[in-house]
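> What follows is a protein structure lacking sequence information:
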């Protein structure tokens, strides 16, 4: 089920009470995926792999294969998933969020450079009050992307969340009036 939001959140509350029977609620082409079906999860996994192969040179083929089931589990357990589709309904990019953190953001390699990651991230910041994200230290493009959007490094871990020796940078948006 995909839920598209209207531009105004007060309208969202009224609209969803009146018409939630529909699978689609319109909002600037960003959709919320609600209980994605196996087929949709498969598409998200294809986008994940395409994106990782285009941006994560640090990962070996074996590491990508080992991460695949873990990423699928994360997708299924994600608090909220959002995606952008092209006019034909093909998912081009997706983002997973939990509380005030972007947990995953992946853009299909064929759609990189179109501003889709920026659009999802800006929605997360403005509409979901996201403040945190983690990025692989060796993913210089990813770090530069988030820094360009205002995030700053606040901490570092020598290992990633599955224990591999791929350092992780913990980054956040500065609080209003704060300096990092």
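Received the coordinates, thanks. Everything quoted here is computed from the prediction, not taken from an experiment.

> element containing the spatially closest residue to residue 78 that is not a sequence neighbour, please.
Leaving aside its sequence neighbours, residue 78 sits nearest to residue 96 (Cβ to Cβ, 6 or more residues apart in numbering; 4.0 Å). (Each C-beta comes from the backbone N, C-alpha and C, glycine too.) Using DSSP states H and E, residue 96 maps to strand 91-98.

> List the neighbouring strands of that strand plus their orientation.
strand 80-85 (antiparallel), strand 101-107 (antiparallel) (DSSP bridges).

> now those strands in a markdown table, with distance to residue 170, mean pLDDT and mean neighbour count?
As requested, those are exported to a markdown table (distance: least, Cβ to Cβ, whole Å; pLDDT from 0 to 100; neighbours: other Cβ atoms under 10 Å):
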| stretch | distance to residue 170 | mean pLDDT | mean neighbour count |
| --- | --- | --- | --- |
| strand 80-85 | 21 | 96 | 22 |
| strand 101-107 | 10 | 97 | 22 |
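
> Could you save the ones you listed as CSV and add columns showing distance to residue 140?
Output for the strands paired with strand 91-98, formatted as CSV (distance: least, Cβ to Cβ, whole Å):
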stretch, distance to residue 140
strand 80-85, 24
strand 101-107, 16
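
> how close does the residue nearest to residue 78 get to residue 130?
11 Å (Cβ to Cβ, to the nearest Å).

> what's the overlap in contacts for those two?
Residues touching both residue 96 and residue 130 (Cβ atoms under 8 Å, 6 or more residues apart in numbering) are residue 102.

> circling back: and the strand holding residue 96, how far out from the chain middle?
The chain centroid and the centroid of strand 91-98 are separated by 4 Å under Cα atoms, centre = their mean, to the nearest Å.

> what are the ranges of the helices in the chain?
In the chain, the helices defined using DSSP state H lie at 9-19, 38-55, 61-77, 116-128, 140-148.

> re earlier: neighbouring contacts of the strand holding residue 96?
Contacts for strand 91-98 (Cβ under 8 Å, 6+ apart): 33, 40, 43-44, 47, 74-75, 78-86, 102-108, 111, 114, 116-117, 120-121, 124, 128, 130.

> Please pull out the lowest mean pLDDT helix or strand from the protein.
helix 9-19 (a mean of 37; mean pLDDT, DSSP states H and E).

> excluding its backbone neighbours, what's nearest residue 29?
residue 84 (5.7 Å).

> can you check residue 165 too?
residue 159 (5.9 Å).

> for residue 57, same thing?
With Cβ to Cβ, 6+ apart, the residue lying closest to residue 57 is residue 138, at 7.5 Å.
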